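[1] Next one to model:
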Amino acid sequence: MYHLTEAYLLAGFICLLAAYLGALLFSTIVVAPLIVRTLGGSDSSVLLRAYWPKVHAFAVIGGTLLTLIMAGSWSFSALPAVYAMAVIAAAGLMTMCSIGRSVTFLTQTHRT
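    Prediction:
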């Protein structure tokens, strides 16, 4: 049997993961189209070329830290391993996707 605080810990990690995903989606769905609509073609490209590397760096660093913190804290928990591994796998998958996007973005940036 596990304590209620461990359930709160799991809920907290899920909320952190949701906030991390929400920040990434917000920058893609809201911020980028708004910049393009407001500034126009050439000005928006200058701003977005400075903006996206920082977003990708945040995604990689934040996802890595979140995955490591969750993986390290589960060794002290009595929660079933299935729950722990599901949350850690989701955070790790998001980190790998962010790394893939960063590499793709950087290779496209250096070609132009």
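
[2] show me where this protein has helices.
    With DSSP state H as the criterion, the chain has helices at 4-26, 32-39, 41-73, 81-111.

[3] In this protein, where is pLDDT below threshold?
    Residues of the chain meeting the criterion pLDDT under 70: 1-4, 77-81, 98, 100-112.

[4] And Leu21, how close does it get to Met70?
    14 Å (C-beta to C-beta, to the nearest Å). Backbone N, C-alpha and C define where each C-beta goes, glycine included.

[5] And the two? Which one has more around it.
    Using other C-beta atoms under 10 Å as the criterion, Leu21 and Met70 rank with Met70 on top: 23 against 15.

[6] Check the gap between the more buried one and Ser45 for me.
    Distance from Met70 to Ser45, by C-beta to C-beta: 37 Å.

[7] ok, the nearest residue to Val36 once chain neighbours are set aside - contacts?
    Of all residues not flanking Val36 in the chain, Ser44 sits nearest, at 4.6 Å (C-beta to C-beta, 6 or more residues apart in numbering). Ser44 sits next to 35-36, 38 when contact means C-beta atoms under 8 Å, 6 or more residues apart in numbering.
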